[in-house]
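Peer 1: Pasting the sequence and the predicted model now:
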Amino acid sequence: RMTPEQALRDYYQALSHHFPHYRRMWLLLSNAGRTSSRFASLEGFRSYWKAKLKQLREGKAKGSTPLVFVVEGFKSEKSGGKTEIQGKWTVQVFVRGKREEGPIWSLPSTGTLVKGPDNMWYIDDGTLAERTSRRPADAE
């Protein structure tokens with residue numbers, strides 16, 4: 001994870017499986033990212049994401065169908081020499097096997113990423129934006 005954007009991509013790629021790699025996601029969070037109003041432990045984190053995946057799939061995909069998460073449009077100041085940056089990006093959510101149909105959700109996100117003592121980048125917020133927008137066809 002040489003760049004903040006790669007940390008985000010790794011985080012969401014770990015979620016894009018039949019059985020998401022919650023532990024890997026947890027390890028990509030900073031100390032601050034491991035505590036939120038929704039969780040403060042790996043077990044709480046796992047519960048948060050199971051509920052979030054169920055909510056995102058509702059009416060769009062079967063419960064066993066994996067969703068694919070793609071980070072698009074990442075923007076931030078240059079990270080060289082910094083230990084913390086603010087970023088802005090969009091998380092697009094697709095149904096696996098139906099990517100050609102476009103994203104079922106497009107979630108604008110912002111957040112802080114921090115560099116750890118190992119010189120890797122970590123995410124300060126492990127939740128997904130509550131401000132959700134469906135693809136245009138669903139809005140009508």
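Peer 2: Received it, and whenever you're ready, just let me know what you need.
Peer 1: okay, now G59: neighbour count?
Peer 2: Close neighbours of G59, defined as other C-beta atoms under 10 Å, add up to 7. From N, CA and C alone the C-beta is placed, and that goes for glycine too.
Peer 1: you'd agree it is in a helix?
Peer 2: No: per DSSP: H, G, I helix; E, B strand; the rest coil, G59 lies outside any helix segment and is coil.
Peer 1: tell me the average confidence for stretch 54-61?
Peer 2: Summarised as a single mean, pLDDT over stretch 54-61 is 93.
Peer 1: in this protein, which helix or strand is least confident?
Peer 2: Between all helices and strands in the chain, the lowest mean by mean pLDDT, DSSP states H and E belongs to helix 136-139, at a mean of 44.
Peer 1: ok now do P103, which residues does it touch?
Peer 2: V70, Q92, V93, F94, R135 (C-beta atoms under 8 Å, 6 or more residues apart in numbering).
Peer 1: Skipping adjacent residues, who's closest to it in space?
Peer 2: Leaving aside its sequence neighbours, P103 sits nearest to Q92 (C-beta to C-beta, 6 or more residues apart in numbering; 4.0 Å).
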